[in-house]
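[1] Please find the sequence and the predicted model below.
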Amino acid sequence: TQLLEQSPQFLSIQEGENLTVYCNSSSVFSSLQWYRQEPGEGPVLLVTVVTGGEVKKLKRLTFQFGDARKDSSLHITAAQPGDTGLYLCAGAGYNQGGKLIFGQGTELSVKP
Amino acid sequence: NAGVMQNPRHLVRRRGQEARLRCSPMKGHSHVYWYRQLPEEGLKFMVYLQKENIIDESGMPKERFSAEFPKEGPSILRIQQVVRGDSAAYFCASSSTGKGEFSPLHFGNGTRLTVT
């Protein structure tokens, strides 16, 4: 069974601080996706990383896929209150169709 | 609205009743996925359907739960004889292909089922 361990589960920081969220597994994934979910809404895709070692940037967010395709990280620089939300990593297995394995999520709170 | 539409947004059922959750995928999408989310947990895969076919139902309980995606109309997740443990948010997602790494999922806003 493929599992994704996401840490930390909760994170409360002040505006302007940096943070990193980790997503780890013992399984290899064909791709890793990061989603953000607001209360009462469905997850919204932020980025997909496909190649081992790949780094993608989305404004103040930096996403990295591990060389072995088993782990990923999300780094936020100078966090803003608008970054508050639930961040979810999700892995796609090989020949699994669009079925995704989700981590437990990181609940981020950025205080002004 | 061209996004994934789920209804109802909130559903209250008494123990033993049936719950029917509907999902209309994005226009042009023929792949539908159902996920369940409990508080402080990530989303758990339930079932993957393509028009008129169940492709993968490995995450769906074998009893009381069923899903369909007919040729015409929305996908339906049906829960018979609901129990309190079925209370959760149920999310539907769709994609244009069945290749997750190249065709990301678009999620609806979910149906929140409460069993009293």
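    Nice, I can see it.
[2] Close to chain B: what parts of chain A are there?
    Residues of chain A lying close to chain B (CB under 8 Å from any CB of the partner chain) are A:4, A:6, A:9, A:30-31, A:33, A:35, A:40-45, A:48, A:50, A:88, A:90, A:92-93, A:96-105, A:107. In this view, the C-beta of every residue, glycine as well, is placed from N, C-alpha and C.
[3] check which helix or strand covers B:Leu77.
    strand B:75-79 (DSSP states H and E).
[4] Any chance you could give me whichever helix or strand comes after that strand in CSV, C-alpha atoms only?
    The helix or strand immediately downstream of strand B:75-79 is strand B:88-95, counting by DSSP H and E. The C-alpha trace of strand B:88-95 is given here as CSV (Å, rounded to 0.1, in the frame of the first residue of the first chain):
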residue,chain,number,x,y,z
ALA,B,88,-17.8,13.0,6.0
ALA,B,89,-17.2,15.3,3.1
TYR,B,90,-17.4,13.5,-0.2
PHE,B,91,-15.5,15.1,-3.1
CYS,B,92,-15.8,14.4,-6.8
ALA,B,93,-13.1,15.1,-9.2
SER,B,94,-12.8,14.9,-13.0
SER,B,95,-10.0,14.8,-15.5
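[5] which is the next helix or strand following strand B:88-95?
    Later in the chain than strand B:88-95, the nearest helix or strand by DSSP H and E is strand B:106-107.
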